[in-house]
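Return atomic coordinates for the entry below.
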Amino acid sequence: MLAALLLDHRLAFLFLAALHLGTAVPLAFGWVRLLPEEAPPFQIDRASTRRWSIYAHSSEGEEDTRRDPLAMVLLICVTASYAVQLPGLSRSLAFGSIPTVIPQDPSEWARFALTWFLVAVPGFSAAYSLLRTNFLRVPLIAAGVLILVLWLVSAPLRAALEAVS
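From the prediction side, this is the model:
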């Protein structure tokens, strides 16, 4: 491959490690956002210090607390797509790269469909979060884009790493 000839193995390792760690960060933030918030330890009554009525409605401190179930499912699917790309997993599962020939038997069709599903879900989750506001918007956009980049460049970077040995 061309990447094996052009890239030094140390630089390929650095790019691959940075891409894996950079992709894990928005996923971690997404999973943390799924956890329920803790109640404050003390309830402070600030109604007497306000200059306006206690019935006045201000949207400054409030955030949208509704949880989008599709965003949660997309976070699970994007995490699965990321987990498949982790180093050390068997590449014989046809997850190393996108298959180039159409399979003939049913088990190969299942692998083919699963691979394409895992490639398409990050892009769909990023597009969904761009178009619709939800509580996982930023983590899904960042993780979706980074996982798509990971699917595109992991095979050439791994080839550059394996060219040394």
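
Give me the buried positions along the host helix or strand of Ile147.
Here Ile147 sits within helix 137-162, counting by DSSP states H and E. For helix 137-162, burial by neighbour count (16 or more other C-beta atoms under 10 Å) applies to 137, 139-148, 150-151, 154-161. Where you see a C-beta, it was placed from the backbone N, CA and C, and this is true even at glycine.

same check, this time on stretch 31-40
Under the neighbour-count criterion of 16+ other C-beta under 10 Å, stretch 31-40 has Arg33 buried.

follow-up on the earlier one: packing partners of the helix holding Ile147?
helix 2-6, helix 9-34, helix 69-84, helix 106-131 (3 or more C-beta pairs under 8 Å, 6 or more residues apart in numbering; DSSP states H and E).

Point out the most buried one among these.
With neighbours taken as mean count of other C-beta atoms under 10 Å, the helices and strands packed on helix 137-162 reach their highest mean count in helix 69-84, at a mean of 17.

Helix, strand or coil: sort out Phe135 for me.
Per DSSP: H, G, I helix; E, B strand; the rest coil, the local secondary structure of Phe135 is coil.

Do I have it right that it meets Arg67?
Yes. Using C-beta atoms under 8 Å, Phe135 makes contact with Arg67 at a distance of 6.1 Å.

ok, the two, which is more surrounded?
It is Phe135, of Phe135 and Arg67, that has more neighbours when counted by other C-beta atoms under 10 Å, with 18 against 13.

Quick check: the gap between that one and Pro87.
When C-beta to C-beta, to the nearest Å is the yardstick, Phe135 and Pro87 sit 31 Å from each other.

where in this structure is pLDDT low?
Applying pLDDT under 70 to the chain picks out residues 1-5, 44-65, 89-104, 165.

In space, not sequence, find me the middle residue of it.
Ala143 (3.0 Å; C-alpha atoms, centre = their mean).

list the contacts for that residue?
23, 26-27, 30, 78, 82, 122, 125-126 (C-beta atoms under 8 Å, 6 or more residues apart in numbering).

just curious, which of those residues is nearest to His9?
The closest of the contacts of Ala143 to His9 turns out to be Thr23 (C-beta to C-beta; 21.1 Å).

Would you enumerate the residues in contact with that closest one?
By C-beta under 8 Å, 6+ apart, the neighbours of Thr23 are 82, 143, 146-147, 150.

Ramachandran coordinates for Leu86?
phi -60, psi 140 (degrees, to the nearest 10).
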